[in-house]
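J.: quick one, structure for this:
(chains A and B)
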Amino acid sequence: MRTPSTTGLPTRRAVVTGLTTTAVLAVTGCSPDGDLPDLPGLDDEQLDPDPDLVLVRRVSRDEQGVLDLVSATRKTHRELRATLAGTAAGHRAHLELVRVADGEPPRPRRTPKVAEQPGRALEDVVRAERMLAGRHARSALEADSGRLARAIASMSAAAAQQGSVLGTSAGEEP
Amino acid sequence: MRPVPALQTTLAAEHAAVYVYAVLGGRVSASENARVASQLRSAYDTHRARRDRLRTVISDLGRTPVPAETGYAVDARNRSADHLAEVALRTEERSAAVYAQLVASTTGPERRWAVQALTDASLRSLTFGGQPEVWPGAPEL
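T.: Residues are numbered from 1 along each chain as shown, chains lettered A, B, ... in the order given. Below you'll find the model as predicted:
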């Protein structure tokens, strides 16, 4: 069985530091054991981006998309503000972690369409949370870093929890 | 942690979970608390199936699966459904943490299975009165 590239007790610092170190090494063309020989004509743009960095950006986009929907829903339907407060806070926490790892500034936010009926709007959020859980679960499988995989898997479980709890609020059988 | 030690740690946790749920299931009155009894039975079946799978996986890797302890301390003298659910909730939270570690320590099919188990434990904790978490199984993040 293959061992992931980075294991051990994951911490926020470890997830971020491990990833940014990998990314920095990738873009500078250095290895942990020393400088690689100069390759004539090779510049940063010709190097493949670090796979985990690409993955983090995708996870960040997925999180931002659902946060945008949750935020727009809270803004449109004030009666859902309290119901979705914890949901929004969770996504912000997830984004905080992946954005530090990403190293890029926040992207422009889009304004998703929100259903006019509060019940329908809540159902849309439930659907989005469940889709996010699935996407994160698949992303976790792709991570080279074990620590990153653990963080993304936890984000997937968090989205699944939100889908369950909000689904109950939307009238589903618990 | 490397894959095999992580699998062994997970198996040890599942031995404990199976024991805990066997005790809890024996404490709850199915006639008075049918819902909790059903949830405990479902949890017992799930953890037992995971324990058996882990034994098989570890054996297939040519290692000897860790055995169960002769007994575990279970805080189940209070037979109230609320208390039993609280013990079950703690068991699921520990299970989520163990599977999160297994995610970090494995790749491929075993990681996929660990991700599913982490999600299952996180959802099951809700049925025992838990609240949604920001980082299920990884609270230090």
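
J.: now the helices for the chain?
T.: Because you didn't say which chain, this covers chain A. Remark: helices assigned in chain A by DSSP state H are A:12-28, A:51-76, A:85-102, A:118-142, A:146-169.

J.: looking at chain B here, not the other one
T.: Under DSSP H, chain B gives helices at B:3-27, B:34-60, B:81-105, B:108-127.

J.: and the angle from the shortest one to helix A:118-142?
T.: Relative orientation of helix B:108-127 versus helix A:118-142 (axes from the mean of the first three to the mean of the last three CA atoms, to 10 degrees): 150 degrees.

J.: what's helix B:108-127 packed up against?
T.: helix A:118-142, helix A:146-169, helix B:3-27, helix B:34-60, helix B:81-105 (3 or more CB pairs under 8 Å, 6 or more residues apart in numbering or on different chains; DSSP states H and E). All C-beta spots, glycine's among them, are computed from the backbone N, C-alpha and C.

J.: just the ones you listed: most buried one?
T.: Using mean count of other CB atoms under 10 Å in any protein chain shown, the stretch among the helices and strands packed on helix B:108-127 with the greatest mean number of neighbours is helix A:146-169 (a mean of 27).

J.: so for that helix, what's the average pLDDT?
T.: For helix A:146-169, the mean pLDDT works out to 97.

J.: so is that helix next to chain B?
T.: Yes: with CB under 8 Å from any CB of the partner chain as the measure, helix A:146-169 is seen reaching chain B through A:146-147, A:149-151, A:153-158, A:160-162, A:164-165.

J.: quick check: buried residues in stretch B:112-131?
T.: Neighbour-count burial for stretch B:112-131 flags B:112-115, B:117-128, B:130 (criterion: 16 or more other CB atoms under 10 Å in any protein chain shown).

J.: quick one: low-confidence parts of chain A?
T.: Residues of chain A meeting the criterion pLDDT under 70: A:1, A:5-47, A:102-108.

J.: just the pLDDT for residue B:37.
T.: So, for residue B:37, pLDDT stands at 94.

J.: wait, residue A:3 sits on residue B:5?
T.: No: between residue A:3 and residue B:5 there is no contact under CB atoms under 8 Å: 10.6 Å.

J.: how about the residue sitting nearest the centre point of chain B, what does it touch?
T.: The residue lying closest to the centre of chain B (CA atoms, centre = their mean) is residue B:95, at 4.1 Å. Applying CB atoms under 8 Å, 6 or more residues apart in numbering or on different chains to residue B:95 gives the contacts B:13, B:14, B:17, B:47, B:117, B:121.

J.: what lies in contact with stretch B:18-30?
T.: Residues from elsewhere that reach stretch B:18-30, judged by CB under 8 Å, 6+ apart: B:36-37, B:40-41, B:43-44, B:47-48, B:51, B:68-69, B:71-72, B:74, B:76, B:79, B:81, B:84, B:87-88, B:91.

J.: at 6 Å instead, please
T.: Contacts to stretch B:18-30, defined as CB atoms under 6 Å, 6 or more residues apart in numbering or on different chains, come from residues B:36-37, B:40, B:43-44, B:47-48, B:51, B:72, B:74, B:76, B:79, B:84, B:91.

J.: got those as a markdown table, with distance to residue B:141 columns?
T.: Listed next are the contacts of stretch B:18-30 as a markdown table, based on distance: CB to CB, whole Å:
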| residue | distance to residue B:141 |
| --- | --- |
| B:36 | 31 |
| B:37 | 35 |
| B:40 | 30 |
| B:43 | 25 |
| B:44 | 30 |
| B:47 | 25 |
| B:48 | 30 |
| B:51 | 27 |
| B:72 | 28 |
| B:74 | 29 |
| B:76 | 31 |
| B:79 | 36 |
| B:84 | 30 |
| B:91 | 21 |
